[in-house]
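>>> Make a model of this:
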Amino acid sequence: MKIKFFSLVGILAISSQMMAGTMAPAPQMQQPMMSQTLFGPGFTIGGHALFVTPKGDQGSTRAWGGGLNADYFFNSNVGLGFSADWARPNSTTFGAYTADLVVRMPFEAYHIAPYILGGIGAVHANDNGDRTSTEFLFRAGAGLELRMNSKFGIFSDYSWNWPTGDTISNYGMFRVGVKFGF
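Next up is the predicted model:
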């Protein structure tokens, strides 16, 4: 009887070891992945407030205004920006329409992307209907965009604008606005 009992215990011990197999390591914890980048490719539209600052010899023709902007980024770093800006320095109605190449350097962890821009456009000035002038312009600038998520952000930038004619003087433009992504 003792032999049968020890034989049975031995068989159970051996078979339990065979069925258990080897011990598997614990699963590794994976880092959470962002499903979408904040500054990925795509289209944004928005609006902005602006402040026009003419060169020093223009005196007190500074003015507040506003505008609309649209951007399309081909990837996280390079895109095209389009802007329509309006202001009324003194009694002159001012409008600028520009297209820019925008190069940005996103820092996703901090939700910010500094950028530089450079482009061309046209500026139109109407002095109470008495005198109208439209000139081609070049511009360059830099700014910073802050994204709350991939669909909403705020931005601020400054650009210097060089009209090509003799009627409208060089001017700077400071913009602050919002962007909505699609």
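
>>> For beta bridges, what are the partners of Ile45?
Ala70, Phe180 (DSSP bridges).

>>> That one and Leu68 touch, don't they?
Yes. Under the criterion of Cβ atoms under 8 Å, Ile45 is in contact with Leu68, at a separation of 7.5 Å. (Each C-beta comes from the backbone N, C-alpha and C, glycine too.)

>>> Pro114: helix or strand, and which one exactly?
Using DSSP states H and E, Pro114 maps to strand 112-127.

>>> Against which helices or strands is the next helix or strand after that strand packed?
Following strand 112-127 in sequence order, the next helix or strand is strand 131-149 (DSSP H and E). Using 3 or more Cβ pairs under 8 Å, 6 or more residues apart in numbering; DSSP states H and E, the elements in contact with strand 131-149 are strand 92-104, strand 112-127, strand 152-163, strand 171-181.

>>> Would you mind listing the buried residues in stretch 62-73?
Ala63, Gly65, Gly67, Asn69, Asp71, Phe73 (16 or more other Cβ atoms under 10 Å).

>>> swap in stretch 74-81?
The neighbour-count check on stretch 74-81 (16+ other Cβ under 10 Å) flags Ser76, Gly79, Gly81 as buried.

>>> how about the second one, what does it touch?
For Gly79, the set of contacting residues under the criterion of Cβ atoms under 8 Å, 6 or more residues apart in numbering consists of Asp71, Tyr72, Phe73, Leu101, Val102, Arg104.

>>> tilt between the strand or helix carrying the second one and strand 92-104?
The secondary structure element spanning Tyr72 is strand 63-73 (assigned by DSSP H and E). Following axes from the mean of the first three to the mean of the last three Cα atoms, to 10 degrees, one obtains 30 degrees for the angle between strand 63-73 and strand 92-104.

>>> hmm, who's touching strand 63-73?
Counting by Cβ under 8 Å, 6+ apart, 39-52, 79-90, 94, 102, 104, 175, 177, 179 sit against strand 63-73.
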